[in-house]
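Chemist: please find the sequence and the predicted model below.
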Amino acid sequence: MITYPFTYRRPNSLAEAEAVLKSSPDAKLLAGGQTLIATMKQRLANPAVLIDIARLGELRFIRREGDALAIGAGARHHDVATSDEVRNAIPALAELAEMIGDPAVRHMGTLGGSVANNDPAADYPAAVLALGATITTTKRTIAADDFFQGMFSTALEEDEIIKSISFPIAEKAAYAKFRNPASRYAIAGVFVAKGKSGVRLAVTGAGPGVFRVSEMETALAKTFAPDAIANITIPSDDLNSDIHASADYRAHLVTVMARRAVKQALER
Amino acid sequence: MPAVNLTVNGKRVSADVEERTLLVYFLREHLRLTGTHIGCDTSQCGACVVHVDGRAVKSCSVFAVQLDGSDVTTIEGLARDGKLHPVQEAFRENHGLQCGFCTPGMIMTAVDMIRRKPQLDRETIRHELEGNICRCTGYHNIVSAIEDASKRMAGGAA
């Protein structure tokens, strides 16, 4: 499969990337390319310019910053999955990274790419939302609650680039995913986190975009145990329905995955 | 057209290529290294796996121009001095293939897997192979071959 033609640019710094992005109509940022290139091969995307930011060292870091873990947008899934810093601070985040795609995809795909794309079945958005992370861009900082705006839609402006994401370190956290065995995307995935700001629970794969379940959060804030949410089922009205799973089945899976996530978080 | 400089299987290669040339086409059509296969249109099958700077990558999902300056190893670059790589040898001895179409990708994935996880059990191998599809459903012997190769390599064979 051959993509449409495009012009390739590889800036040497983030500042240069920002300038090129501003001056190039119909440009796309290229990081790991594991979604974008597949989409271009299907000719479902046709950017005039690709701005390759994969090699920018300033985007590729993982470090502890006080009570949070800061990860550069260019960090590969493999980097996050195998980082001692991540495994010590938020093991659930390393485990989530290890569940994305397959080993070859994890060698290329990036945190920033996944979050900017906001695929409704992607894994990282669940962690970003449940941990109450903060997204730092070339222009500002954005709270996770304001960032994700539905299917493939985010608060990012056309000429804005994600620099890093700061994840507050949770007391307990876990991610449980029921995945499509062919695509490895989540049919339903639940990330639960218990931290300073209480309990937050985010669902990916089941709906048109990542979302929180406040009824489960309230119940878990009272009693952080799988049984506390066993009888809570989310309405299936707005959930996805496709050849892989019906909306009702996804609603059922959300409760099952949420219970599993809480159980795993407690077993740590 | 931009110039691309790569080291492929230890040899330096330079070429002017169209931006949209995927690495797999660069390898197959410009360098005539046809051991790297294309088995799907959706980046899912893994027949095209090669190593870029030592890491397994799907060569159908990266443009050659992105990798300027990188070191690429393909299935053709594994054997040394006429002697098969231990993973190739193990695939041969364990009958780790039927039609053989997926085999180059399976072997490149296996070499990368053994590098990252020298201690491999069968369940881990199956999990690690999730990005490689065999349409002959020959996974059983593929798993045996990788298990065998990892033991040989742990013994210092390579």
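Modeler: Sure, I can see it.
Chemist: now the strands for chain A?
Modeler: Per DSSP state E, chain A carries strands over the ranges A:7-9, A:27-30, A:49-52, A:62-65, A:68-72, A:134-137, A:141-143, A:162-168, A:172-179, A:186-195, A:198-204, A:211-212.
Chemist: can you confirm B:Glu7 is in a strand?
Modeler: To be clear, residue B:7 is Thr; Glu isn't right here. Yes: assessed with DSSP: H, G, I helix; E, B strand; the rest coil, B:Thr7 lies in a strand.
Chemist: and residue 46, what is it in contact with?
Modeler: Picked chain A for this. Contact analysis of A:Asn46 by CB atoms under 8 Å, 6 or more residues apart in numbering or on different chains lists A:Tyr4, A:Phe6, A:Met40. Where C-beta positions appear, they are placed from N, C-alpha and C, glycine not excepted.
Chemist: chain B is the one I meant
Modeler: A:Asp102, A:Ala104, B:Gly39, B:Lys58, B:Cys102, B:Gly105, B:Met106, B:Thr109, B:Gly131, B:Asn132, B:Ile133.
Chemist: filter the residues you listed down to the ones in strands?
Modeler: B:Lys58.
Chemist: I'd like the contacts of B:Gly46 as a markdown table, with distance to A:Leu69, neighbour count and pLDDT appended.
Modeler: Formatted as a markdown table, the contacts of B:Gly46 follow (distance: CB to CB, whole Å; neighbours: other CB atoms under 10 Å in any protein chain shown; pLDDT from 0 to 100):
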| residue | distance to A:Leu69 | neighbour count | pLDDT |
| --- | --- | --- | --- |
| A:Asp102 | 25 | 22 | 96 |
| A:Ala104 | 26 | 30 | 98 |
| B:Gly39 | 38 | 19 | 96 |
| B:Lys58 | 29 | 32 | 98 |
| B:Cys102 | 38 | 24 | 98 |
| B:Gly105 | 34 | 29 | 98 |
| B:Met106 | 35 | 28 | 98 |
| B:Thr109 | 30 | 27 | 98 |
| B:Gly131 | 27 | 21 | 95 |
| B:Asn132 | 32 | 27 | 97 |
| B:Ile133 | 35 | 18 | 96 |
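Chemist: among the contacts of B:Gly46, find me the one that's closest to B:Ala15.
Modeler: Closest approach to B:Ala15 among the contacts of B:Gly46 (CB to CB): B:Lys58, at 20.8 Å.
Chemist: quickly note the distance from the closest one to chain A.
Modeler: Distance of B:Lys58 to chain A, given as CB to the nearest CB, to the nearest Å: 5 Å.
Chemist: correct me if wrong: that residue contacts B:Asp112.
Modeler: No: if you go by CB atoms under 8 Å, B:Lys58 and B:Asp112 don't touch, sitting 11.7 Å apart.
Chemist: and the residue in chain B that chain A sits nearest to, what does it touch?
Modeler: Proximity to chain A, evaluated over chain B using CB to the nearest CB, is greatest for B:Gly131 at 2.6 Å. Applying CB under 8 Å, 6+ apart to B:Gly131 gives the contacts A:Gly101, A:Asp102, A:Pro103, A:Ala104, A:Val105, B:Gln44, B:Gly46, B:Val49, B:Lys58, B:Thr109.
Chemist: what of B:Lys117?
Modeler: Applying CB under 8 Å, 6+ apart, the residues near B:Lys117 are B:Thr124, B:Glu128.
Chemist: include mean pLDDT, mean neighbour count and distance to chain B when you put the strands of chain A into TSV, please.
Modeler: Below are these laid out as TSV (pLDDT from 0 to 100; neighbours: other CB atoms under 10 Å in any protein chain shown; distance: least, CB to the nearest CB, whole Å):
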stretch	mean pLDDT	mean neighbour count	distance to chain B
strand A:7-9	97	16	4
strand A:27-30	98	21	7
strand A:49-52	98	22	6
strand A:62-65	98	14	17
strand A:68-72	98	22	18
strand A:134-137	98	20	23
strand A:141-143	98	14	28
strand A:162-168	98	23	19
strand A:172-179	97	23	10
strand A:186-195	97	28	15
strand A:198-204	98	25	19
strand A:211-212	98	19	27
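Chemist: adding distance to B:Glu123, write those strands out as JSON lines.
Modeler: As requested, these are exported to JSON lines (distance: least, CB to CB, whole Å):
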{"stretch": "strand A:7-9", "distance to B:Glu123": "41"}
{"stretch": "strand A:27-30", "distance to B:Glu123": "35"}
{"stretch": "strand A:49-52", "distance to B:Glu123": "37"}
{"stretch": "strand A:62-65", "distance to B:Glu123": "28"}
{"stretch": "strand A:68-72", "distance to B:Glu123": "29"}
{"stretch": "strand A:134-137", "distance to B:Glu123": "36"}
{"stretch": "strand A:141-143", "distance to B:Glu123": "40"}
{"stretch": "strand A:162-168", "distance to B:Glu123": "30"}
{"stretch": "strand A:172-179", "distance to B:Glu123": "17"}
{"stretch": "strand A:186-195", "distance to B:Glu123": "22"}
{"stretch": "strand A:198-204", "distance to B:Glu123": "26"}
{"stretch": "strand A:211-212", "distance to B:Glu123": "33"}
